[in-house]
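*Asks:* Give the three-dimensional model of this entry:
(one chain, ligands or ions: 1)
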Amino acid sequence: MTNVIETARGSVAEPLAGGRLTIDLAALAENYRMLARLSAPAETAAVVKGDAYGIGIAHAVPALLAAGCRRFFVALPAEGAAVRRAAPDADIIVLNGLFDAETAAHYARERLIPVLNTQSDLALWEAHGWDGEVPRPCVIHVDTGMNRLGLTLERARVLAGENALTGALTPLLLMSHLACGDDAGHAMNRRQLEAFQAARALFPGVAASLANSAGIFLGEAYHFGLTRPGVALYGGAAVSGVANPMRPVVTAEARVVQVRRAAAGETVSYGAPRPLDRDTLIAVVAAGYADGYPRSASGAGVPLRDRVAAGAAGWIGGRTVPLLGRVTMDLTMFDVTDLGPDAVAVGDTIELFGPNMPIDAVAAAAGTIGYELLTGLGRRYHRRYTGEAG
Ligand SMILES: *Cc1c(COP(=O)(O)O)cnc(C)c1O
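*Replies:* Purely as a prediction, here's the structure:
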């Protein structure tokens with residue numbers, strides 16, 4: 001069932017690469033189906049912006065289609081065209097809205113559905129969103145507290161009144177976005193839910209969407225007609241402070257290029273931070289911040305993060321191995337002393353994140369979130385896709 005395919009696109013040949021990304025498309029499909037079960041009876045779309053959170057639209061979209069997904073959200077019109085190549089018949093919704101008249105033509109050509117966020121989006125779509133005499137579908141975004149994109153509730157009220165008369169817009173969906181969904185107890189969630197219900201009343205008969213990944217876990221009241229998970233599809237933790245039920249999709253491993261001994265009192269990496277407190281066996285791997293492995297994961301090795309006692313860790317031979325010193329552009333050092341003198345050899349790989357080293361733990365050590373590690377995955381890895389459907 002699990003067939004392994006190699007891709008030339010965005011992938012470096014394995015013998016020439018410092019690290020390997022294994023992207024498990026079966027886990028992606030399983031995560032989709034789990035989120036769809038949790039969302040039902042609401043429909044579940046997939047957010048594939050940022051090149052499907054770094055894993056590659058060209059592979060993610062077919063896997064999601066095979067798992068039953070029929071609607072995709074992207075951030076930008078250019079991303080919409082990439083999804084269109086992989087999904088000739090799907091609904092493709094572009095979150096960041098229309099930019100100008102020229103972009104509106106691109107929407108027509110690629111049959112993209114814009115999210116109308118602003119007064120200018122509304123005017124552009126009223127002018128350009130026509131297929132001959134027939135208005136093309138759009139999504140109306142109402143801001144309920146995020147203050148990022150979306151019409152105010154007052155503007156939406158005016159629009160609803162006008163549109164009831166003119167019928168200039170054909171909204172497929174009314175949407176809003178949660179600011180604090182990852183914190184189930186946050187009072188903001190209920191406030192946004194109430195504001196969204198008020199907005200919904202303005203557009204009777206139009207389907208609604210509020211929940212991102214985290215919103216799905218807030219429960220049925222937040223699901224409406226369509227949920228739009230992103231990070232949870234890719235195995236990231238959507239909700240903070242609870243066990244992450246999703247299957248990891250991305251495994252990043254880096255090749256060991258040297259194993260060396262350093263004596264107690266010596267230092268490791270740039271800046272010569274805190275001397276080693278014991279004789280140490282160091283595994284040097286060929287990946288660093290140029291591969292999207294964050295420099296801030298160095299923990300105490302980076303002056304700005306002095307307050308963090310330890311940085312991130314890798315995983316090899318059934319053990320967690322702490323990062324030593326600063327992450328450099330192309331190389332990172334790990335302390336493998338506890339594995340014994342001959343356990344690690346040149347050519348072995350250390351897991352930077354994946355099933356044994358949760359991406360969100362590495363992100364937390366680096367002062368960031370799994371989303372940023374995924375979307376920042378470097379272009380120097382060998383990429384291997386497993387678990388392709390069919
Ligand atoms: C990115 C995004 C999502 C997906 O969010 P996740 O937290 O990754 O599930 C959904 N809706 C909007 C408007 C977004 O910008």
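*Asks:* Next one: Ser269 relative to Leu331, how far apart?
*Replies:* 9 Å (C-beta to C-beta, to the nearest Å). Yep, even glycine has a C-beta here, placed from its N, CA and C like the rest.
*Asks:* who has more neighbours, those two?
*Replies:* Neighbour count, other C-beta atoms under 10 Å: between Ser269 and Leu331, Ser269 has more, with 20 against 17.
*Asks:* Quick check: chain neighbours aside, which residue is closest to the more buried one?
*Replies:* The spatial neighbour of Ser269 that comes closest, neighbours along the chain excluded (C-beta to C-beta, 6 or more residues apart in numbering), is Gly325 at 2.9 Å.
*Asks:* Pro62 touches Ala389, doesn't it?
*Replies:* Yes - when contacts are counted by C-beta atoms under 8 Å, Pro62 is listed as touching Ala389 (7.4 Å).
*Asks:* which SSE is the closest residue to the ligand within the stretch 251-390 of the chain in?
*Replies:* Proximity of the stretch 251-390 of the chain to the ligand (C-beta to the nearest ligand atom) peaks at Tyr371, 6.3 Å away. Assigned by DSSP states H and E, Tyr371 belongs to helix 370-375.
*Asks:* Show residues contacting that helix.
*Replies:* 50-51, 53-55, 230-231, 234, 236-237, 250, 292, 294, 353, 359-360, 362-363, 366 (C-beta atoms under 8 Å, 6 or more residues apart in numbering).
*Asks:* Ala78: neighbouring residues, count only.
*Replies:* 12.
*Asks:* Residue numbers of the chain in contact with the ligand?
*Replies:* Within the chain, the residues that sit near the ligand (C-beta under 6 Å from any ligand atom) are 47, 49, 95, 177, 212-214, 228-232, 238.
*Asks:* Out of those, flag the one nearest to Ala263.
*Replies:* Closest to Ala263 out of the residues of the chain next to the ligand is Val231 (43.4 Å), distances taken as C-beta to C-beta.
*Asks:* Scan the protein for its longest strand.
*Replies:* strand 250-262 (DSSP state E).
*Asks:* Which neighbours in the sheet does that strand have, and how are they oriented?
*Replies:* Strand pairing for strand 250-262, determined by DSSP bridges: strand 19-24 (antiparallel), strand 280-285 (antiparallel), strand 349-353 (antiparallel).
*Asks:* Present those as a markdown table; the columns should include distance to Thr166, mean pLDDT and mean neighbour count.
*Replies:* Formatted as a markdown table, those follow (distance: least, C-beta to C-beta, whole Å; pLDDT from 0 to 100; neighbours: other C-beta atoms under 10 Å):
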| stretch | distance to Thr166 | mean pLDDT | mean neighbour count |
| --- | --- | --- | --- |
| strand 19-24 | 47 | 98 | 23 |
| strand 280-285 | 62 | 98 | 23 |
| strand 349-353 | 52 | 98 | 24 |
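*Asks:* and of those strands, who's closest to Asp182?
*Replies:* Of the strands paired with strand 250-262, nearest to Asp182 by C-beta to C-beta is strand 349-353, at 19.2 Å.
*Asks:* who touches that closest one?
*Replies:* With C-beta under 8 Å, 6+ apart as the test, strand 349-353 has contacts from 19-20, 250-256, 283, 285, 287, 293, 314-316, 321, 332, 334, 357, 359, 361-362, 373.
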